[in-house]
Structures are given as C-alpha cells and as structure tokens.
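>>> Structural data only, the sequence is not supplied:
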C-alpha cells in the first residue's frame, strides 16, 4: 500500500466477508430472539424465575460444549449448522426434570405440609433425577439416532449437512450431561434456601381439566379420533406432489453475476460494443450499487475464455430500497430490457453460485444436460434439439447449448493421389505449410547460458489470405516447385472451438436456469419431453446433472438409511419399555406427527429440499421423545397398581405441561428463522418451517391419539421383565 503513487487507492470490488457478516448477523439475531422466546415460555409455565434461570443457564454452556467438540473434531461452524440450533430441543430435558421436581414438592403441600424441610426437598430432587435419568437418556439417544441418515450423506450434500448433524448431536450430548449433573447441583443450591413447589396457576388448572375431558371423549370414541387424525395426515401427504422439490433454496448473496458468451468468432471490438450497451441498460437500475464489467480473459491465461466472453458483477443495494418484490422480479425485468440487443445469450447467477455450479458440472447453470458420444456433429445436433425442448418448458431461463463449433479455420486437405504421383508425402505438405504459417526451427544460438531457436516463416503480408496459403511453393524431389493448391484443397470452414471431455468421452452440454419453478417438477417434465421428442442414436447417451443430481443422490441415500434409523429407534424403544406394542404405537405416531411440516411448507410457499428433509428427521426425533415422556409416566402408574384407564388419563394429564413446554420451546426457538427474510435466512427457513409446523401437529396428535393407543398397548400384553 505504501508503494502506491500519491492519490492512488486500492478498493476491493468484491469481498465474501461481507456476505459472511450479513449471514452471521441474521443467524445471531434469530438465535437471540429464539432464546428470549424460550425463556419466556419457561417463566410463563413455571411461574418461578429461579427455576427458569437454572434451565436457561445450560444454553450457553451447551453451546460451549458443542463448539469445543466441533473444534476438536475439525467441524466448521457454518450458516446452516448454526442456524439449525434449537434452544428448545436443547433444554427440554432440563424442563422435564425441573417440572417434575416442582410437582413432587407440591405433593408434599397437598398432604398437609406447609413447607418441606430441606432434607425432604433434596430427597425429592434425588428421586426425580434418578427416576427421569433413564427416559432423558433414551429420548436424547433417540433424537441423535434420528440424525443417523444425515451422517451418511456424501459429496456436496455431505459437506453441507454433516456439520449440521454433528453440531446438533454435540449440543444434545452436552445438554444431557449438563441436565444430569449441573442442573441437579444448581437446584440443590436453590432448594437449600427456598422451596420450589409448584404454584397454583389457574389457567393451567383449567387447561388440564379441559384436556382431561377431551381424553375421556377420545377414549369413548377412539375410531372417530383416529379417523380424524388419519384424514388430516392423508390430506397433508397429498400435498407433497404440489410442493415441488429442490436441492437447496438459493442463498441471496446480495449481488448478480451476469455472463454473456457471444459467438466464438466475435472480435474483441464487437464484445466491447455489446458490453457498453449492456452496461448502459444496467446502470439505469437504482437497485445496483456498483457495476464492474470485464471482457475476454485474464492476461495470465488461467481462465480458458476468449474475447467473446463478457462477465458483469452487479453489487446490489439493500433489499428494502428495491422497487421489485424479490430478485427474480428484478432479473426478469433486466432480461426484458436487454432484449433490445437481439439474440443476446445471457446467464444470470451469483458469484458463489456460479462458481459452485461450474465446479459441480462444468456448466454455468442450475440444470446441466450432457450428451455423450464420439461424433461432434451428432452431439451438436442433439444438444441443439434438447435446448429447443427445454425452451418450450415453463420455468426455463437462460437455456443454451454449449456448442463445440463456431470457430473459423483454414483447412488444407491433401490429395493423396497427386502427392504420390509427384513423389511427395502428406508429411512433406504438412511441414511446408507449418514452416510458412507457424514457423520452423532451422538452427540455434547461445546467449551466455541461454539457448534460442532460429525460426523462419513467411512475412505477414504473404500469409494473410487463403490465396496466399494456396500459393505456398512446395519443393519436388527433382528440384522443381509446385503450389500447395496443385496437390491440396485450401478452404475456410467452421471448426471446433472447444471439445469437452469427461470420463474419457466427448460430450456437448446444455444448461438451463430456473425461474418461478422447482427443480424436481421441471426436470421430470424435461426428461419426459426429451425422451419423447429427441431420438438418441445407439452409442450416445444423455446424462442429467447439476444441483438436481445432488438432490437425487441424497434422496436415494435417505430412502435406504431412514428405515435403518427407524429400526434402531424401535430397538431403543423396546429396550426402554420391554414391549413390542408400546414401541410400535410410539413409532405409529410418526406419520401423524410430521404432517404439519407439509402444511407449513405449503403455507410458506417453500419446496421440499434436503434442508426440509433434515427438519422432518428432527421432528421425528422430537415426536418420539414426547411419546417416551408420556408412555413412561403411564407405565410407571400402571406398575404402581393404578387402573389402566385411570393411569392413561392421569399420566397424560400430568405430562401435559412438560409436553406443551417442550413443544412450544422447540417451535418458538426456530420461529424467528422460519419467518426471517434477511440475507442468509433462505437456507434455514425450510428446516425451521418444518420444525415449527411439525411440532404443532406432533403435540396435537401426541396429546389426543397416543393415550387411546396406550389403552391398546397396555391391555393384556406380554412384557419382558423390566
């Protein structure tokens, strides 16, 4: 910097740290608001600020524990992994423990004791901690096991979502350790000074009484309850085809990266004229803060582009100042304005998105179709046909076939018969043409230790046209000369400017971006129409790639691993309850409990993505955890001699508050991320929306359908000794 001339400054035109700062601000804001909402739920339901403070104290310590393990494991903290941290899921075990302690202390008052002595309070703490240790461990183990499918992701999806699974698993592990060690210690310190018995909360008593009446009705008419729940679940699953699918939502990077590839024969001057015309149009948009254009390629040749390549970086203003509702509308308007330049091949993207797409498939586009085969002419023809089909499909944008042809070249085609008659070979003709046009080394000389070749070739005026090449003299064995045109045909034709190869074979790619449509339905329609309208010869094949390829690979892996994960969860449930019926009825609640996720995605206008799939996995874990909390209490009452019907009703009512609290905290903890539209929130939203919607239905169906199912699961059954 100090060596720059006076008055000269270096200013970066693009820094990824700006995007990192924006996303970190979004994640931090969502986490803080979520934490405040979670603590508010604690205070409202417990009516004891000391208990709420004890529970909330494990939030920062859990994060510290998780970050420590992440650092030891070398796991990076990224936008998605940090954005999926739900404080409600982290502290729900501590909530169950504290709530159970407050209820047990209140029972002493119910038996006539005005105040419990310190010894009895501590005995209650020990009893509650030992009694709930097992269900707490099992519930967290089940949630961690539910994340097993994410650990199996590979390639792109593995690099993106493996940190998510590790971050959540580390957080849950830390939460369990702190719940069973730190929380009892803090509670003991509080109990020495103060009784934490449950306070009378009028609205909670009324809520429990109303819930008890609802349970009685559900037990009297279980078929109606199951039919209603089943109808809701079936309706939710019927929405799946309407939601659409994609790999990941687009992250708004706050910029536009416009690539324009003119025909290969375009000169640098022509490219500059087009660049000026495009720049003039774009500068009229107040949404653009800064515009930087570049033509050609770097001087060091690190980018294999030609003078026909134009790249434009548009840094955008804050979204709140735009005249357009979103970036798609802005890009659509730009495309219409740029139609004043006929046949302009535009490709709108973003800086990071453009690099990632090109690294994945070698093509600058969301969808990449590659035609493989030996003959370039056939490849080019089929690629153009596929591009034509894609342009006719709604939602396609920036469709183009990356054709190998288009480069003018001078071809010298030898006449082998004439050459043979004159005693010449093709090599003689080739060496002569090469010496005349490209030069030929005839000697060398030394300058100190450096060696240089002496090269001769025709001067520029004698090799500037096809006629000059045709008139190049060619020596005969007898010492005479003839012209190149006497033994060869010299012509100008269109040759290949680039030949793409992959896996040892030639290919011609076709790329397409999407606007206003999801990847899944677009590719499905495109595949069907290409198969119907484009005939692929024998020896040629079509491969579909891009982000769609990542999505399909991840979904295929989930289809195999999710059943294995459910089998592992069933094994844990059977280990906990020693009952096949009870284990199956908890798992049977999963279809009902995840239905709300589909409703939430539809209401939010989001597509099914891998991020949403991770959310459904988390909802499944939360659902099973709630089932364990309720069934464990019901089984305890039955083992203590209570009537089955009464045990089911009273067990469900006693678990109403902890289940409502854990559900509200899990949902509210991610509610800020679910409704946020700031930069960086796009990748979090599907996960958060699914959690919020899924938790609502999981709570509703757990509280209404699980108790009647418990009646079936507890009557007469064979249970292995506990």
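Happy to help now that I have it. In this text, all values refer to a predicted model and were calculated from it rather than measured experimentally. Residues are numbered from 1 along each chain as shown.
>>> So which residue is smack in the middle of the chain?
residue 248 (3.5 Å; Cα atoms, centre = their mean).
>>> what's the spacing between that residue and residue 123?
52 Å (Cβ to Cβ, to the nearest Å). Where C-beta positions appear, they are placed from N, C-alpha and C, glycine not excepted.
>>> Equivalent analysis for residue 170, please.
34 Å.
>>> which SS state does the residue nearest to the centre of the chain fall under?
At residue 248 the chain is in coil, as set by DSSP: H, G, I helix; E, B strand; the rest coil.
>>> Might you report the residue contacts of it?
By Cβ atoms under 8 Å, 6 or more residues apart in numbering, the contact list for residue 248 reads 160, 547, 609-611, 683.
>>> 7 Å - rerun?
609-611, 683 (Cβ atoms under 7 Å, 6 or more residues apart in numbering).
>>> What of residue 327?
residue 252.
>>> Which per-residue confidence value corresponds to it?
Residue 327 carries a pLDDT value of 86.
>>> could you measure it against residue 250, distance?
8 Å.
>>> any idea how far the residue of the chain most remote from its centre is from residue 418?
Going by Cα atoms, centre = their mean, the residue of the chain most distant from its centre is residue 478, 73.8 Å out. As judged by Cβ to Cβ, residue 478 and residue 418 stand 15 Å apart.
>>> likewise residue 162?
Computed as Cβ to Cβ, the residue 162 to residue 418 distance reads 67 Å.
>>> just residue 360 next, same as before
52 Å.
>>> Going by how many neighbours each has, rank these two and give me the top one.
Comparing residue 360 with residue 418 by other Cβ atoms under 10 Å, the one with more neighbours is residue 360, at 16 against 13.
>>> what separates that one from residue 530, distance-wise?
Taken as Cβ to Cβ, the span from residue 360 to residue 530 is 21 Å.
>>> same check, this time on residue 426
Going from residue 426 to residue 530 by Cβ to Cβ gives 42 Å.
>>> and the two? which has more neighbours close in?
residue 530 (20 against 14).
>>> which strands and helices sit next to the helix or strand where that one lies?
Assigned by DSSP states H and E, residue 530 belongs to helix 519-533. Judged by 3 or more Cβ pairs under 7 Å, 6 or more residues apart in numbering; DSSP states H and E, the packing partners of helix 519-533 are helix 376-391, strand 541-546, helix 547-577.
>>> Now tell me what touches the shortest one from outside.
Same thing as strand 541-546. 357, 360-361, 365-372, 523, 527, 530, 536.
>>> Put together CSV for the helices and strands packed on helix 519-533, with distance to residue 104 on each row.
Below are the helices and strands packed on helix 519-533 laid out as CSV (distance: least, Cβ to Cβ, whole Å):
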stretch, distance to residue 104
helix 376-391, 66
strand 541-546, 58
helix 547-577, 22
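>>> Please pull out the lowest mean pLDDT helix or strand from the protein.
Using mean pLDDT, DSSP states H and E, the weakest-scoring helix or strand in the chain turns out to be helix 79-83, at a mean of 72.
>>> Buried residues, the following helix or strand past that one. List them.
Moving toward the C-terminus from helix 79-83, the first helix or strand encountered (DSSP H and E) is helix 87-110. Buried residues in helix 87-110, defined by neighbour count with 16 or more other Cβ atoms under 10 Å: 87-106, 108.
>>> same thing with stretch 307-324?
By 16+ other Cβ under 10 Å, the buried positions in stretch 307-324 come out as 307-316, 319, 322.
>>> low pLDDT regions in the stretch 301-450 of the chain?
Applying pLDDT under 70 to the stretch 301-450 of the chain picks out residues 301-304, 405-406.
>>> now the strands for it?
Ranges of strands in the stretch 301-450 of the chain, per DSSP state E, counting those that start in this stretch, are 309-316, 346-349, 367-372, 396-401, 405-414, 440-447, 450-456.
>>> how about the ones you listed in JSON lines, adding distance to residue 150?
Formatted as JSON lines, the strands of the stretch 301-450 of the chain follow (distance: least, Cβ to Cβ, whole Å):
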{"stretch": "strand 309-316", "distance to residue 150": "33"}
{"stretch": "strand 346-349", "distance to residue 150": "28"}
{"stretch": "strand 367-372", "distance to residue 150": "25"}
{"stretch": "strand 396-401", "distance to residue 150": "32"}
{"stretch": "strand 405-414", "distance to residue 150": "45"}
{"stretch": "strand 440-447", "distance to residue 150": "61"}
{"stretch": "strand 450-456", "distance to residue 150": "60"}
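>>> between the ones you listed, which gets nearest to residue 64?
Comparing these by their distance to residue 64 (Cβ to Cβ), the top pick is strand 309-316, with 36.9 Å.
>>> List the strands paired with the closest one, with their directions.
Using DSSP bridges, strand 309-316 pairs in its sheet with strand 255-261 (antiparallel), strand 288-295 (antiparallel).
>>> mind checking how far it is from the chain centre?
Distance of strand 309-316 from its chain centroid, counting by Cα atoms, centre = their mean, to the nearest Å, is 25 Å.
>>> cool, and stretch 52-70?
Distance, stretch centre to chain centre, for stretch 52-70: 27 Å (Cα atoms, centre = their mean).
>>> for it, which positions count as buried?
Under the neighbour-count criterion of 16+ other Cβ under 10 Å, stretch 52-70 has 52, 54-59, 62-63, 65-67, 69-70 buried.
>>> taking these one by one, which sit in helices?
Members of those lying in helices (criterion: DSSP state H): 52, 54-56, 58-59, 62-63, 65-67, 69-70.
>>> can I get those in TSV with pLDDT and distance to residue 434?
Shown next, in TSV, are these (pLDDT from 0 to 100; distance: Cβ to Cβ, whole Å):
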residue	pLDDT	distance to residue 434
52	83	85
54	87	85
55	85	82
56	85	80
58	86	78
59	86	75
62	89	72
63	87	69
65	90	70
66	87	66
67	87	64
69	89	65
70	85	61
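>>> now the helices and strands packed on helix 519-533 as TSV including mean neighbour count?
Formatted as TSV, those follow (neighbours: other Cβ atoms under 10 Å):
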stretch	mean neighbour count
helix 376-391	19
strand 541-546	18
helix 547-577	18
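>>> on that earlier part again, determine which stretch of the strands of the stretch 301-450 of the chain is the most buried.
strand 367-372 (a mean of 25; mean count of other Cβ atoms under 10 Å).
>>> tell me the angle of that strand relative to helix 376-391?
Interaxial angle of strand 367-372 relative to helix 376-391 (axes from the mean of the first three to the mean of the last three Cα atoms, to 10 degrees): 150 degrees.
>>> Give me the residues contacting strand 367-372.
361, 379, 382-383, 386, 505-512, 523, 540-546, 548.
>>> same question, stretch 142-153
Counting by Cβ under 7 Å, 6+ apart, residues outside stretch 142-153 touching it are 161-162, 164-165, 168-169, 172, 554, 557-558, 561-562, 565, 568-569, 572, 614, 617, 620-622, 624-625, 628.
>>> how about 6 Å then?
With Cβ atoms under 6 Å, 6 or more residues apart in numbering as the test, stretch 142-153 has contacts from 161, 165, 169, 172, 557-558, 561-562, 565, 568-569, 572, 617, 620-621, 624.
>>> what comes up buried for stretch 354-364?
354, 357-358, 360-364.
>>> got it, and stretch 517-535?
For stretch 517-535, by 16+ other Cβ under 10 Å, it's 517-523, 525-526, 530, 534.
>>> Please verify my assumption that residue 517 contacts residue 397.
No: look at residue 517 against residue 397 with Cβ atoms under 6 Å: they stay out of range, at 9.4 Å.
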